[in-house]
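Only the shape, not the letters, is given here:
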């Protein structure tokens, strides 16, 4: 029987050279940078969708609060934010409940919708939410129905 050398040079020369590792790391870095650029281009799309969803859900919240609490609730819009207010019968004025800021989008509203205890709305409004990716329009019917459409 022939004895084999356990620590022969054959077993130690089976790895990658430093040059091969560096080239593969450079290729990997280029691929990751290209993927990150494509993901950054999708950011405005998801910011716009998030803003539309958030405003739509807050309007439903205001409507249901008006119905269940029996008070008037309105939403006031600015270019980068909106606030929910309720009417205090004792003080005879509107009191701000909370203000919400949206980043990456611009809001345009022609009115501040007021939800009444019956579930209906006065001050009908069309709200436009836009950024570099596109534009959405949220409309409110007099019955209180809220509809969002990509324009």
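Okay, I see it. This is a predicted model, so every value here is computed, not measured. Numbers count the residues shown, from 1 in each chain.

give me the element residue 86 is part of.
strand 81-88 (DSSP states H and E).

Relative to residue 123, how far out is the residue nearest the centre of the chain?
Computing the C-alpha centroid of the chain and ranking residues by C-alpha atoms, centre = their mean puts residue 50 first, at 2.3 Å. Taking C-beta to C-beta, to the nearest Å as the criterion, residue 50 is separated from residue 123 by 26 Å. In short, each C-beta sits where N, CA and C put it, glycine included.

what secondary structure does residue 103 sit in?
Of the three states, residue 103 takes coil under DSSP: H, G, I helix; E, B strand; the rest coil.

what's around the spatially closest residue to it that is not a sequence neighbour, how many residues?
Setting aside the residues directly before and after it, residue 103 is nearest to residue 47 in space (C-beta to C-beta, 6 or more residues apart in numbering), at 7.0 Å. Residue 47 sits with 18 neighbouring residues when counted by other C-beta atoms under 10 Å.

go on, residue 100?
Per other C-beta under 10 Å, the neighbour tally for residue 100 reads 13.

Surely it forms part of a strand?
Yes. If the criterion is three-state DSSP, then residue 100 is within a strand.
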